[in-house]
Every structure is written in C-alpha cells, then in structure tokens.
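S.K.: Need coordinates for the following:
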Amino acid sequence: MKKTTLIFAALFASSFAMAQNTATTTQSGEGNGSVTTQSGINQAASVNQLGNSNNADVDQFSNNTGAQTSTVIQGGNGNSADVVMRQTGSGGISPGNVAFVQQLGNDNSVTQTLNAGGFNAGQNATAYQDGTGNSLTQTMFSGYTQSMFADQKGTENTGSQEITGGGHNHAILRQDGIENSSMQQLFGTNQGSGASDVLVDQKGSFNIASQEFRGGGFSQRNNGEIYQDGADNIASQYANGTFLDLQISQTGEFNQSNIISEGTRNTGIITQDGNNNLADLTQGGSDNKSEFLQDGNDNVIRGLNVGDPVLQLDNGLTAIVSQYGNDNTAILSQTGDLHTATIVQQGNMNTATVIQNN
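M.R.: Purely as a prediction, here's the structure:
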C-alpha cells in the first residue's frame, strides 16, 4: 500500500505566482511512505522511491526568502531518509541551502538536519549509501557556507558528522567495508572562527575513526585527515587552535593512533603500516612538528611512562621517529625551546629513549 502526503503553507493556495514552492513525489513498489512539509517560499522537495517499504520524510521551513532544496532518491527495500531544514532568523538569501540523499540497497538510513541560524546561507549536506544496514547522521546546528559529504558502501557502517557555528567548514566521510565507524565534529562561532577541512577515508572492517576540531578562522584554516585500510584500527584526533595540520594513516590490523594538538602552526603526522602498532602524541604551543612512521608489527611510540603520549608543550619542537621491523620502542618527552629529536630504528626489539627538558 502506498501513502503520499503533501502539506503546504496557506500562502501557496492564496497566490500561485508568489509561492514558487515545488514538490515532486514518485513511488514504485509496495509499502512506500513519503511525507513532505514546506513553509515559506522558494522551497523545493523531490522524492523518488523505487522498491518496497522505503520511507522518506522531508520537512522544510524558512521565515525569510531563503531558498531550500531537498532531493531524496532511494532504490531497494526498507531504506529510510529524514531531511529537516529550518533556516530561521535573519541572514543572507543566496546561495540557498541544499540537502541530497541517494540510497541503494536494503535497510539503510540517513538523517539530515540543517538548522542554520544567524548567517544562514549556503549550507550543503550530501549523502550516498549503497549496501545493507548502513547508518548516517549529518547535522548542522548553525553557521554558513558549510558542507558535509558522506559516501558509505558495505554492511552496517556507521557515520556521524556535526557542524556547529563557524563559516566555511567542510567535512568529507568515506567508508567501504563492514561495521566501520566514523565521527567528525566541527565547532566555531558565527564570526568565522572554526574554519576547518576534515576527511575520514576507511576501507576494511571494524575500523574506528573520530575527529574533533575547534578554533581556526577564515585565513587560519585547520586540516584533519584519517586514512584506514584494514581491520580493527583505531584513530582519533583533537585540535583546538589555528593553522593545525593533523594526519593519521593506518594500513593493517589492530593499529592505534591518537593526536591531541592545541596552539598554532603545529603539525602531527602518524603513518602505520603493519599490525599492533601504537603511537600517541600531544602538542601544545606553536610551530611544533612531529612525524611518526611505523612499518612492521608491535612498534610503540609513547611518552616517558607507559600509556603517556609524546609531549611537545612549548614552541618550535621537532620530533621525527621512523621504525622498521618488529617490537621497536621509542620514548620521547620534550619540554622547553627549539628541541629536535630524530630516531631511526631498523630490525627487532630496539629501544630508544630521548628526554629533552629546557
């Protein structure tokens, strides 16, 4: 049984020429349901469902003349999409806000919310899913001229992206495999603070990636990238500052990386190729640079005590560690000014300790 409900504001009925709202719904199969609610003018919603038991719910509202466009395309069975746009408050009217969902496969779900208060133009959320049981949430609470893009393929992958405040933030999420999980969060203010570019790209199974970025500005962009190819890898990055560049790349199984960076012009790069590698880094201050490379198995880069990260808490510190082989351990702890540490280990069961304090 098919069900289609279209609800429009009263002004649509009063003046066709002024309203300019459009809604198109096409359904094929059995048990499909589509609910489209629009208020204001210059709203456009298009729903095209092919297959059985798919559900799409679009709710658009605007208290000014800002245009909002939603498109939902679903093929397969049991897919669910929920798109909500608010655009309340004063703000620019061009460019408009855009939400797009395309789902192929079975039992996939997408939730999108674009609630852009204040400066409320140019928000963009795009979601592609192909497979079975994938779940994606994309949320914008405030800000302007920002974008979220997600592409998930496989089985039971979970993705979450959130942008709150700021301007010109951009998030990209790609997952391909089985039961991978990713979360990206960007925070800022409507004065431009919070401008960041973040990316998660996962291939394989049971990988976990998370990023949280705060700070930044229009001319002080932060960058965060996580690449995972394998199984059971864990990567996390936290940034709060300006001109921060954080990158984690993992290939293999059971690798773990964690970067925390606060300050200005800090760079943290961790590359892991193998199994059971561990790298942990904390940065504070400015102009610090860390590059960790682990090629092999069971390598560890950490701070002075077991479980402590490598610490760079002042200005102009550089730590470069390269490990090749198995069972290598490097311990670095730097506080003070203008320290440089370079460690290269090749072979098995090597240990290196560097402590530079003032």
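S.K.: all helices of this protein, in order?
M.R.: Remark: helices assigned in the chain by DSSP state H are 10-14, 16-19.
S.K.: is it true that Gly274 touches Tyr324?
M.R.: No. Judged on C-beta atoms under 8 Å, Gly274 makes no contact with Tyr324 at a distance of 9.7 Å. Backbone N, C-alpha and C define where each C-beta goes, glycine included.
S.K.: More neighbours: the two, which one.
M.R.: Gly274 (22 against 18; other C-beta atoms under 10 Å).
S.K.: From Phe254, how far out is the more buried one?
M.R.: 10 Å (C-beta to C-beta, to the nearest Å).
S.K.: ok, now Asn348?
M.R.: 19 Å.
S.K.: More neighbours: the two, which one.
M.R.: Just comparing Asn348 and Phe254: by other C-beta under 10 Å the higher neighbour count belongs to Phe254, 18 against 13.
S.K.: For the more buried one, give me the backbone phi and psi.
M.R.: phi 60, psi 30 (degrees, to the nearest 10).
S.K.: Averaged pLDDT, stretch 294-302. What do you get?
M.R.: Across stretch 294-302, the average pLDDT comes to 85.
S.K.: what residues does that stretch touch?
M.R.: The contact list for stretch 294-302, computed with C-beta atoms under 8 Å, 6 or more residues apart in numbering, reads 255, 270-281, 292, 308-310, 321-332.
S.K.: First-to-last residue distance for that stretch?
M.R.: Taking C-alpha to C-alpha, to the nearest Å, stretch 294-302 runs 12 Å from one end to the other.
S.K.: returning to that earlier point: can you tell me which of the helices of the chain the model trusts least?
M.R.: Mean pLDDT is lowest for helix 10-14 out of these, coming in at a mean of 30.
S.K.: my guess is Gly75 meets Asn108, correct?
M.R.: No. Between Gly75 and Asn108 there is no contact under C-beta under 8 Å: 10.4 Å.
S.K.: Contacts only, for Gly188.
M.R.: 143, 164-167, 169, 194-196, 214-216.
S.K.: which of the residues you listed has the most neighbours?
M.R.: In terms of neighbour count, Gly143 stands highest of these at 30 neighbours, by other C-beta under 10 Å.
S.K.: Pretty sure that one sits against Gly165.
M.R.: Yes. Counting by C-beta under 8 Å, Gly143 touches Gly165, with 5.2 Å between them.
S.K.: From Gly96, how far out is Val47?
M.R.: For Val47, the distance to Gly96 - C-beta to C-beta - is 18 Å.
S.K.: Looking only at neighbour counts, state which of the two leads.
M.R.: The neighbour comparison of Val47 against Gly96 (other C-beta under 10 Å) goes to Val47, with 27 against 22.
S.K.: Dig out what the more buried one forms beta bridges with.
M.R.: Using DSSP bridges, the beta-bridge partners of Val47 come out as Thr25, Val72.
S.K.: Same question for Thr264.
M.R.: Counting by DSSP bridges, Thr264 is bridged to Thr242, Ser286.
S.K.: Touching, it and Asp287? I think so.
M.R.: Yes. Using C-beta under 8 Å, Thr264 is in contact with Asp287, at 7.4 Å.
S.K.: count of neighbours near Thr351?
M.R.: With other C-beta under 10 Å as criterion, Thr351 counts 11.
S.K.: Check what pLDDT it gets.
M.R.: Model confidence at Thr351, expressed as pLDDT, equals 81.
S.K.: dump the residue contacts of it.
M.R.: Thr351 neighbours (C-beta under 8 Å, 6+ apart): 328-331.
S.K.: mind listing which of the residues you listed are in strands?
M.R.: 329-331 (DSSP state E).
S.K.: in the stretch 101-250 of the chain, which ranges drop under the pLDDT threshold?
M.R.: Applying pLDDT under 70 to the stretch 101-250 of the chain picks out residues 116-121, 189-194, 218.
S.K.: do the same with the stretch 251-358 of the chain
M.R.: Across the stretch 251-358 of the chain, the ranges flagged by pLDDT under 70 are 303-307, 336, 338, 358.
S.K.: where's Gly204 relative to Ile178, distance?
M.R.: Taking C-beta to C-beta, one finds Gly204 at 8 Å from Ile178.
S.K.: neighbour count winner among these two?
M.R.: Neighbour totals were compared for Gly204 and Ile178, and Gly204 leads with 22 against 17 (other C-beta under 10 Å).
S.K.: what bridges to that one?
M.R.: With DSSP bridges as the rule, Gly204 is bridged to Gly177, Gly230.
S.K.: show me the contacts for it.
M.R.: Taking C-beta under 8 Å, 6+ apart, we find Gly204 in contact with 177-178, 180, 228-231, 233.
S.K.: Could you do Asn134 as well?
M.R.: Asn134 neighbours (C-beta under 8 Å, 6+ apart): 105, 108-109, 152-159, 175.
S.K.: still on that earlier bit, which residue of Gly75 and Asn108 possesses the greater neighbour count?
M.R.: More crowded of Gly75 and Asn108, by other C-beta under 10 Å: Asn108, with 28 against 18.
S.K.: That one and Met140: what is the separation?
M.R.: Where Met140 is concerned, Asn108 sits at a distance of 21 Å (C-beta to C-beta).
S.K.: I figured His110 hits Tyr128, correct?
M.R.: You called it His, but residue 110 is Val. No. Val110 is beyond contact range of Tyr128, at 9.2 Å (criterion: C-beta under 8 Å).
S.K.: Show me which of the two is the more surrounded one.
M.R.: Taking neighbours as other C-beta under 10 Å, Val110 and Tyr128 compare with Val110 leading, 28 against 18.
S.K.: quick one, what contacts that one?
M.R.: By C-beta under 8 Å, 6+ apart, the contact set of Val110 is 80-82, 101, 103, 127, 129, 136-138.
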